[in-house]
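Engineer: Below: sequence and its predicted model.
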Amino acid sequence: MLLVVLFASFSLYGFAKGGTNLQSSIPTKADMLKSLIYNNTRATLTLDSTAFKELIQLSSDSPSSPKSVSFSVNVMSTPLNPGAGQTVKYDAVLTNDGNGYDDRTGVFTCPVAGTYMFVVDALSRPRIWLELKVNNDTVGRLHVYPEHRADLIQMSRTVIVKLKTGDNVKVENIRNGVYIYPHMYSGFSGTLLH
């Protein structure tokens, strides 16, 4: 675009010197150069402003400042019946600050090292057996025996763990025949405490 403006300004300048009487209505070479410098400066300032905003964002992501990391997901549309050994994939994301939770896999990947609190809750029929896992190590369980006399049971488990950047946290089903009730009664949440 700069070349087009320069070419147009020099062409108009040459046309005006060629003897026509358009000189008064056509900007002079100095006017065109001033306009070009002004427009270029304005574009540079706009780019610098964007770059400045990105620099501020990058500086806020530095290890010296705490980053907000939290997520909250739940089962919204249909009941879940995961098979044994399958990760529970929640279909509604309420929050995902820090973008650590992947709703395609059901896995939270720790973006910032620190101490985290995780809560798993489920409305289920008896026979449920879920585990909260960090890098495939079990750190919490939810279970109701099949002999329990109730149609549906609400249960919850809270765990506080230290994580390193890149650690994976997930809810895994242990047995077949599990029913996890939808409509926001069953969920998985986590937050960076410090």
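Structural biologist: Ah, there it is.

Engineer: quick one: least confident helix or strand in this structure?
Structural biologist: One helix or strand of the chain scores below all others by mean pLDDT, DSSP states H and E: helix 2-17, with a mean of 43.

Engineer: check contacts around V161.
Structural biologist: In this structure, V161 makes contact with T115, Y116, F118, V134, V139, V169, judged by Cβ atoms under 8 Å, 6 or more residues apart in numbering. Glycine gets a C-beta too; all of them are placed from N, C-alpha and C.

Engineer: so what's the last one bridging to?
Structural biologist: V169 forms beta bridges with F108, V134, as assigned by DSSP bridges.

Engineer: Which pLDDT value goes with it?
Structural biologist: Looking at V169, its pLDDT reads 98.

Engineer: what number of residues lie near it?
Structural biologist: The number of residues packed near V169 is 23, by other Cβ atoms under 10 Å.

Engineer: Quick check: it vs L192, distance?
Structural biologist: Here V169 is placed at a distance of 12 Å from L192 (Cβ to Cβ, to the nearest Å).

Engineer: list residues touching both of these two?
Structural biologist: Shared contacts of V169 and L192 (Cβ under 8 Å, 6+ apart): Y116.

Engineer: residues in contact with stretch 97-104?
Structural biologist: 67-71, 73, 89-91, 93, 107-112, 190, 192.

Engineer: One more: stretch 68-80?
Structural biologist: So stretch 68-80 is contacted by 88-98, 100-101, 103, 108, 110-112, 114, 116, 178-192 (Cβ under 8 Å, 6+ apart).

Engineer: Could I get the CA-only coordinates of that stretch as PDB?
Structural biologist: Output of stretch 68-80 as PDB, limited to C-alpha atoms (Å, rounded to 0.1, in the frame of the first residue of the first chain):
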ATOM      1  CA  SER A  68      -5.700 -17.400  37.500                       C
ATOM      2  CA  VAL A  69      -6.300 -21.000  36.800                       C
ATOM      3  CA  SER A  70      -9.700 -22.600  37.300                       C
ATOM      4  CA  PHE A  71     -12.300 -24.700  35.500                       C
ATOM      5  CA  SER A  72     -15.700 -26.000  36.200                       C
ATOM      6  CA  VAL A  73     -17.500 -28.500  33.900                       C
ATOM      7  CA  ASN A  74     -20.600 -30.600  34.200                       C
ATOM      8  CA  VAL A  75     -22.800 -33.200  32.500                       C
ATOM      9  CA  MET A  76     -25.600 -31.200  30.800                       C
ATOM     10  CA  SER A  77     -27.300 -32.900  27.900                       C
ATOM     11  CA  THR A  78     -27.500 -36.700  28.300                       C
ATOM     12  CA  PRO A  79     -26.600 -39.200  31.000                       C
ATOM     13  CA  LEU A  80     -23.100 -40.700  30.800                       C
END
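
Engineer: Give the buried residues for that stretch.
Structural biologist: Buried residues in stretch 68-80, counted by 16 or more other Cβ atoms under 10 Å: V69, S70, F71, S72, V73, N74, V75, M76, L80.
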